[in-house]
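S.K.: could you work out the structure for the sequence below:
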Amino acid sequence: MVSQSSQPLKFAPEIDPSKRPWDCKALTAILGVHLLCLAAPFYFSWSGLVVCLVFCWLGGGIGITLAYHRLLTHHSFTTPNWFKYLISLCGCLQWQGGPIRWVGTHRLHHRDSDQEADPHTPRHGFTWAHMTWCLRLDGDGFEPFEAAKDLSKDPIMCLIEKYFYVPQFVLMGVLFGAGYAYGHYVPGEHSPLYMGMSWFVWGVAVRTVLSYHGTWFVNSAAHTWGYQNFKTTDDSRNTWWVASSASAKAGTTTITPSSAQRHTACGGSSST
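M.R.: Purely as a prediction, here's the structure:
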């Protein structure tokens with residue numbers, strides 16, 4: 001079912017795209033991995049596909065869903081600091097930004113869910129909610145770091161935030177080298193160079209693009225199509241196909257009173 005309350009809204013001043021230049025770094029990175037995916041059919045291998053799926057789970061399921069979303073944003077559980085930092089690094093593999101900015105942006109989304117100041121509501125346009133919003137520089141008054149002050153006080157988390165892009169680059173080299181070695185020592189599939197490129201393209205580009213759109217569909221599709229188990233003040237919906245592609249993050253309104261209280265305590269309503 002399509003959301004019935006999704007009338008278009010004007011942009012709040014702090015997220016108005018007319019006042020926010022394009023983010024060249026984000027554009028380059030996101031466009032780059034999408035273009036690299038064009039090589040995927042030419043470097044397909046079954047082991048490359050397995051590498052892709054493993055890192056989809058590690059980066060998306062563990063890094064984004066478990067660490068960035070459930071642990072850091074909503075404090076849904078506790079864990080030793082070393083483990084918190086480790087799974088936060090897994091989230092960095094997805095190139096969705098550092099943990100502090102990601103958490104702050106998501107808390108602002110909860111605070112203003114599907115209202116004028118929501119950073120990524122489909123009421124500002126489906127494509128805006130899906131990906132265009134993250135291709136713009138921050139506007140005056142949009143302060144995700146202010147919404148994540150608890151994380152900003154942690155020096156290790158600040159270090160991870162500052163160098164969030166590094167783990168992906170490290171992984172690029174590791175996967176190419178591991179794939180090359182696999183092709184050399186496990187004969188019968190493809191040449192070492194082919195296997196290095198296969199693991200690189202599928203384990204980095206294809207995996208990152210799949211994870212991008214899996215997360216972005218939570219912002220766009222899961223606030224447009226689907227059903228609600230409970231009446232809420234926003235447009236969040238349970239959307240089965242989004243849940244399947246986004247590590248079950250899109251079950252947005254199937255919550256309990258206790259989970260709603262935790263979400264509200266973290267700075268917003270109890271939607272996605």
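S.K.: all helices for the stretch 151-272 of the chain, in order.
M.R.: 155-162, 166-185, 192-200, 207-219, 240-245, 257-265 (DSSP state H, counting those that start in this stretch).
S.K.: could I get these as CSV with mean neighbour count, mean pLDDT and distance to residue 88?
M.R.: Using the backbone N, CA and C atoms, a C-beta is placed for each residue, glycine as well. As requested, those are arranged in CSV below (neighbours: other C-beta atoms under 10 Å; pLDDT from 0 to 100; distance: least, C-beta to C-beta, whole Å):
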stretch, mean neighbour count, mean pLDDT, distance to residue 88
helix 155-162, 16, 97, 6
helix 166-185, 17, 96, 10
helix 192-200, 22, 96, 24
helix 207-219, 23, 89, 15
helix 240-245, 18, 69, 23
helix 257-265, 13, 34, 19
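S.K.: nearest to residue 19, of these?
M.R.: Among the helices of the stretch 151-272 of the chain, helix 207-219 comes nearest to residue 19, with 21.0 Å by C-beta to C-beta.
S.K.: how far off centre is that closest one?
M.R.: Helix 207-219 sits 6 Å away from the centroid of its parent chain (C-alpha atoms, centre = their mean, to the nearest Å).
S.K.: check stretch 83-99 too.
M.R.: Taking C-alpha atoms, centre = their mean, one finds stretch 83-99 lying 10 Å from the centre of the chain it belongs to.
S.K.: and that stretch, average pLDDT?
M.R.: Mean pLDDT, computed over stretch 83-99, is 95.
S.K.: quick check: end-to-end length of that stretch?
M.R.: End-to-end span of stretch 83-99 (C-alpha to C-alpha, to the nearest Å): 14 Å.
S.K.: could you do stretch 40-50 as well?
M.R.: End-to-end distance for stretch 40-50: 14 Å, by C-alpha to C-alpha.
S.K.: what does that stretch rub up against?
M.R.: 179, 182, 189-190, 194-195, 197-199, 201-203, 205-206 (C-beta atoms under 8 Å, 6 or more residues apart in numbering).
S.K.: and which of those residues is nearest residue 84?
M.R.: The nearest member of the contacts of stretch 40-50 to residue 84, counting by C-beta to C-beta, is residue 203 at 24.6 Å.
S.K.: could you pull up the residues touching the closest one?
M.R.: For residue 203, the contact set (C-beta under 8 Å, 6+ apart) comprises 48, 51-52, 55, 171, 175, 179.
S.K.: thank you, goodbye.
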